[in-house]
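S.K.: Coordinates only, no sequence provided:
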């Protein structure tokens, strides 16, 4: 029988790989920083050293971006944008840091194509988003700042 897929008891412990950490600036919203701290606390309580090291590093490298107080400002990090496409279908996204991003719940990373397309635009602007499925055009209806 081949021994290629058999693990001997004396092989020692398996090496646990560290979670990869992005090389991009670690921009976070104030809420995002709080979420990182909660995740660190939870990992420490669970004895998950790998996760704890990851969250500790993310907290150390965090660059907190305070919300823009100008209600007439353009789309930027931390903004929530409501827009509609040419068929009138509504879109609502919040631009956040990569650890806080949750596209299924409307939060997208500042590095995502849609966030980059909307950045620096204002209410009423037409925005073209290049997607793998093709380009999509939106008109910005409103911009909220935290």
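M.R.: All right, it came through fine. On a predicted model such as this, the values are computed, not experimentally measured, just so you know. Numbers count the residues shown, from 1 in each chain.
S.K.: What strands line up against the longest strand anywhere in the chain, and which way round?
M.R.: For the chain, the strand with the greatest residue count under DSSP state E is strand 134-145. Its sheet considered, strand 134-145 pairs with strand 79-85 (antiparallel), strand 126-131 (antiparallel) by DSSP bridges.
S.K.: Tabulate these (TSV), appending mean pLDDT, distance to residue 106 and mean neighbour count.
M.R.: C-beta here means a position set from N, CA and C on the backbone, and glycine is covered the same way. Output for the strands paired with strand 134-145, formatted as TSV (pLDDT from 0 to 100; distance: least, Cβ to Cβ, whole Å; neighbours: other Cβ atoms under 10 Å):
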stretch	mean pLDDT	distance to residue 106	mean neighbour count
strand 79-85	96	8	19
strand 126-131	93	15	13
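S.K.: Can you check which of these gets nearest to residue 46?
M.R.: Closest of these to residue 46 is strand 79-85, at 32.1 Å (criterion: Cβ to Cβ).
S.K.: what's in contact with whichever helix or strand comes after the closest one?
M.R.: Next helix or strand after strand 79-85 toward the C-terminus (DSSP states H and E): strand 90-96. Residues outside strand 90-96 that contact it (Cβ atoms under 8 Å, 6 or more residues apart in numbering) are 28-29, 32, 75-85, 106-110, 114-115, 118-119, 138, 141.
S.K.: what is the rounded mean pLDDT of the next helix or strand after strand 90-96?
M.R.: As assigned by DSSP H and E, the chain's next helix or strand after strand 90-96 is strand 107-109. Averaged over strand 107-109, pLDDT sits at 97.
S.K.: Which residues in the helix or strand immediately after strand 107-109 in the chain does the neighbour count mark as buried?
M.R.: Proceeding N to C from strand 107-109, the next assigned helix or strand is helix 113-118, under DSSP H and E. Buried residues in helix 113-118, defined by neighbour count with 16 or more other Cβ atoms under 10 Å: 114-115, 117-118.
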